[in-house]
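Participant: Below are the sequence and a predicted model for it; my questions follow.
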Amino acid sequence: MNSDIFPEPPSDTIDWSSLGSQGVEFPTSHVECTYSPTTSSWSAPTVINNPNLQINGFAVGLNYGGPYYESLTARRTRDDRILLFRPHDHARHLADAAAAVGMTAVPEHIFLECVRKAVAINNSYVPPPQTDAVLYIRPFLFGPSVPRIRDSPAQYTFCVFVRPGVVYPRTAAQNTIVLGDGGADDVPTAAETRKCSRTEIWDEGWKRGLGGTGQIDGRQAERDGYTMKLQLENTRHGSFINGFTASAFIGVQEEHGRFTLMVPRHPSRSIISDSCVAIAIQLGWKVKIGPISVDDIDTLSEVIGTSTWHWLLPIRLIFCPSARQTVAGPGCRLLRIAIGKIMGGEVSDIWQWCVPLMKADQSPG
């Protein structure tokens, strides 16, 4: 950029007549500004003299806007082994997700090699046993190159990042607010809303139609104590549970010590949810798989959100249509204990879900 001349003449390093067919990147500058939730303000625009972003591998924009839904985990056993939980299933989930959006799938053997190597070279970050911590393993696939005209991105990159962390609140039950995908006709009346929420802020929100479109202020929801959001699928046959925005949905019905596990679909987007189905069958529970009407929430003794990050997270209250208390109950605890023992190598892994890590996995690729 020449500050003495404006506008500068067109660059003489570009063949302008064949611009559309050139598979090259240009050293353009870009501008960034960042929003701070602490100050509720944006920073001043800053010029960056290249077209590249510096971004953390766990960034929300990379991981939750792409084709893959869930992280993996690694845990350390009492005899100091490191186990990966269901890596083969994650490989297949990523392949299916990539195919659904037209991306080139990562072959399973490459997926597994990358995951094993990422954990092996970071094995000191795998937490000690009998803690609430795990090593999160985040795989994602994206197209980093500039797309060509009328063509897909020239290349794809598969990355695996890891970081230690605590399973998000394992015992504290959460409050949920319902999001629908219908129109204004699906919005509850003001009287219905007051009956469920007793919160004037949300009364106004529902009356404006925000509940029907899902356009809800997430920060306001959190301030009001709603840390989870439940998505509905509205059809001509009624409104059905799709899942939480950040985890899958499972319900539990309990009567005189006998349990029934209810899941909207199987397999789901959550490998933890699918694991619960297998464990419930082993425990002698009934399992019902299929559409769950939103009206059926009142029949559930427990509602649980499941994902690698949430693991099994009890839901205390679901705002509209039901104010029924669905606190952490025995079903959630039984499933959590069973999965934890398998992940930690404390019981026989009859499904062969866990894959041990080897020293050879540290070798350079």
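Facilitator: It's in.

Participant: Any idea how many residues pack against the closest residue to Pro10 other than its chain neighbours?
Facilitator: Of all residues not flanking Pro10 in the chain, Trp16 sits nearest, at 6.8 Å (C-beta to C-beta, 6 or more residues apart in numbering). Heads up, the C-betas are built off the backbone N, CA and C, glycines and all. Per other C-beta atoms under 10 Å, the neighbour tally for Trp16 reads 9.

Participant: Quick check: the gap between Trp16 and Pro9.
Facilitator: Distance, Trp16 to Pro9, by C-beta to C-beta, to the nearest Å: 12 Å.

Participant: again, but for Val31
Facilitator: From Val31 over to Pro9 the distance is 22 Å, taken as C-beta to C-beta.

Participant: What of Ile337?
Facilitator: For Ile337, the distance to Pro9 - C-beta to C-beta - is 71 Å.

Participant: more neighbours, those two?
Facilitator: Ile337 (13 against 7).

Participant: Point me to the helix or strand that includes the more buried one.
Facilitator: helix 330-343 (DSSP states H and E).

Participant: Past that helix, which element shows up next along the chain?
Facilitator: strand 354-356.

Participant: elements contacting that next one?
Facilitator: Using 3 or more C-beta pairs under 8 Å, 6 or more residues apart in numbering; DSSP states H and E as the contact criterion, the elements in contact with strand 354-356 are strand 82-85.

Participant: what pLDDT, on average, does the strand it packs on get?
Facilitator: For strand 82-85, mean pLDDT rounds to 96.

Participant: what comes up buried for the next helix or strand after it?
Facilitator: Sequence order places helix 87-100 as the next helix or strand after strand 82-85, per DSSP H and E. Neighbour counts over helix 87-100 (16 or more other C-beta atoms under 10 Å) mark 87, 89-91, 93-95, 97-98 as buried.

Participant: Show me what helix 87-100 is packed against.
Facilitator: Looks like helix 87-100 contacts helix 108-120, strand 133-142, helix 271-282 (3+ C-beta pairs under 8 Å, 6+ apart).

Participant: wait, which of these is closest to Val355?
Facilitator: Shortest distance between Val355 and those, using C-beta to C-beta, is found for helix 108-120: 8.0 Å.

Participant: Strand 133-142 and the closest one, what's the angle between them?
Facilitator: Per axes from the mean of the first three to the mean of the last three C-alpha atoms, to 10 degrees, the angle that helix 108-120 makes with strand 133-142 is 140 degrees.

Participant: Pull the distance from helix 108-120 to the chain's centre.
Facilitator: 20 Å (C-alpha atoms, centre = their mean, to the nearest Å).

Participant: which other residues reach that helix?
Facilitator: 72, 74, 82, 84, 87-88, 90-92, 94-95, 106, 126, 135, 137, 139, 158, 160-162, 355, 357-359, 361-362, 365 (C-beta atoms under 8 Å, 6 or more residues apart in numbering).

Participant: Make a PyMOL selection of whichever of those turn out to be buried.
Facilitator: Those of these that count as buried under 16+ other C-beta under 10 Å are selected in PyMOL with:
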select buried, resi 72+74+82+84+87+90+91+94+95+106+126+135+137+139+158+160+161+162+355+357+361
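
Participant: Now do the residue nearest to Pro10 against Ile5, distance only.
Facilitator: 19 Å.

Participant: Could you do His88 as well?
Facilitator: Taking C-beta to C-beta, one finds His88 at 60 Å from Ile5.

Participant: for Leu317, same thing?
Facilitator: Distance from Leu317 to Ile5, by C-beta to C-beta: 64 Å.

Participant: For these two, work out which one has more neighbours and name it.
Facilitator: Neighbour totals were compared for Leu317 and Ile5, and Leu317 leads with 21 against 8 (other C-beta under 10 Å).

Participant: Leaving out sequence neighbours, find the closest residue to the more buried one.
Facilitator: Leu317 sits nearest to Asn175 (C-beta to C-beta, 6+ apart), 4.7 Å away.
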